[in-house]
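1. turn this into a structure:
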Amino acid sequence: MTNQASSHKIGFIGCGAMAKALGAGLVAAGTSPDLIRASDPVAEAREAFHKAVGGATAEDNREVVANSDVVVLAVKPGAIEGLLQELASCGEDLSRPLWVSIAAGIPLAALARPLPPQTRIIRSMPNTPALVGAAATALCGNEHASEADLVVAESLFQAVGTTWRAPAEHLLDAVTGLSGSGPAYVFLILEALGDAGVRVGLPREAAYQLAFQTVYGAAKLAIESDKHPAQLKDQVTSPGGTTIAGLEQLESAGVRAAIYRAVAAATNRSRELGDA
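-> Sure, this is the predicted structure:
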């Protein structure tokens, strides 16, 4: 797919891990580092961004806004409101760039409040596998964001994984509960699988290597196969065999129901944060 973001000047407010991952992904996808810049109050963070991406950095957020076609808000959710209010008081033309937020739980209405009317805003929910180019990102634009704006935002996140365009903003809370928080659920499962391997006698290094590769391989097979996960599960499950014995224990322990509850709880928490 053509990198639609490669001809735009991209600015990041915040030089954290996600900003570095997105910036490096853009460069790998063909964007010149000369078109990328970032701001952060912490000198060490700016230095790390420049080393990873090659783009210019500054302490002043206004410099990023003034020199960018797309501004990515890559700061913690609690800092968003104060940041935008500070920018709004500085006289910058904040309606000119496309604004893209990666702040979990912050709705479009809250992002728009300190910004001028007609400002184009896109809210997104990437996840931490962006750090290795394997993110799952959902996004949704406000009423002023055009199709071209959405394509540019999709291109930005496709540089570090896959994207899904949500047809309604409220679905981003469910995305947060599933893929936003989902890596933590998988890491918990990985830890449990590795420890279970140790418990039945495997060396720890081997147990974790086998657990990690098994989860990676199963996910890859699910992505590349045209079969439902239930069909893939049945392929591994022989009558009276080892797998059905293990699955019986997982079902009796309520693992499936626990995952349902985890996604629902994280989704509800995302809604609460958005309403705060």
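2. how about the strands in the stretch 1-150 of the chain?
-> Shown for the stretch 1-150 of the chain, the strands assigned by DSSP state E, counting those that start in this stretch span residues 10-13, 36-39, 56-58, 70-73, 98-101, 121-125, 135-141.
3. export those as TSV, with columns for mean pLDDT and mean neighbour count.
-> From N, CA and C alone the C-beta is placed, and that goes for glycine too. Shown next, in TSV, are the strands of the stretch 1-150 of the chain (pLDDT from 0 to 100; neighbours: other CB atoms under 10 Å):
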stretch	mean pLDDT	mean neighbour count
strand 10-13	97	28
strand 36-39	97	26
strand 56-58	95	18
strand 70-73	97	24
strand 98-101	98	26
strand 121-125	97	26
strand 135-141	97	24
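4. tabulate these in JSON lines, adding columns for distance to Pro229.
-> Converted to JSON lines, the strands of the stretch 1-150 of the chain look like this (distance: least, CB to CB, whole Å):
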{"stretch": "strand 10-13", "distance to Pro229": "36"}
{"stretch": "strand 36-39", "distance to Pro229": "38"}
{"stretch": "strand 56-58", "distance to Pro229": "43"}
{"stretch": "strand 70-73", "distance to Pro229": "33"}
{"stretch": "strand 98-101", "distance to Pro229": "32"}
{"stretch": "strand 121-125", "distance to Pro229": "23"}
{"stretch": "strand 135-141", "distance to Pro229": "16"}
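5. right, and the ones you listed - which one's nearest Asp275?
-> Comparing those by their distance to Asp275 (CB to CB), the top pick is strand 121-125, with 15.0 Å.
6. strand partners of that closest one, parallel vs antiparallel please.
-> strand 98-101 (parallel), strand 135-141 (antiparallel) (DSSP bridges).
7. mind putting the ones you listed in a markdown table, distance to Val72 included?
-> Listed next are those as a markdown table, based on distance: least, CB to CB, whole Å:
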| stretch | distance to Val72 |
| --- | --- |
| strand 98-101 | 5 |
| strand 135-141 | 12 |
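8. who touches the spatially closest residue to Val42 that is not a sequence neighbour in this structure?
-> With sequence-adjacent residues excluded and distances taken as CB to CB, 6 or more residues apart in numbering, Val42 is closest to Cys15, at 7.4 Å. Cys15 makes contact with 38-40, 42, 45-46, 48-49, 57, 74, according to CB atoms under 8 Å, 6 or more residues apart in numbering.
9. try Val27
-> Contacts of Val27 (CB under 8 Å, 6+ apart): 33, 36, 53-54.
10. now swap in Asp60 and tell me
-> Here Asp60 is in contact with Ser39 (criterion: CB under 8 Å, 6+ apart).
11. what's the answer for Ile10, then?
-> Shown in contact with Ile10 (CB under 8 Å, 6+ apart): 23, 26, 31, 35-37, 68-70, 72, 156.
12. now Gly177
-> Counting by CB under 8 Å, 6+ apart, Gly177 has contacts 262-270.
13. can you turn the buried part of the residues you listed into a PyMOL selection?
-> Filtering the contacts of Gly177 down to the buried ones (16 or more other CB atoms under 10 Å) takes a single PyMOL command:
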select buried, resi 262+263+266+267+269+270
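14. can you pick out the most distant pair from the contacts of Val27?
-> Farthest-apart pair in the contacts of Val27 is Ile36 and Gly54; separation 7.4 Å (CB to CB).
15. the helices in the chain, which residues?
-> Secondary structure of the chain (DSSP state H): helices located at 17-28, 43-53, 61-66, 80-88, 108-112, 147-158, 171-175, 182-199, 204-224, 229-236, 242-252, 255-275.
16. how about those helices, which one is nearest Ile102?
-> Per CB to CB, nearest to Ile102 of the helices of the chain: helix 17-28, 6.0 Å.
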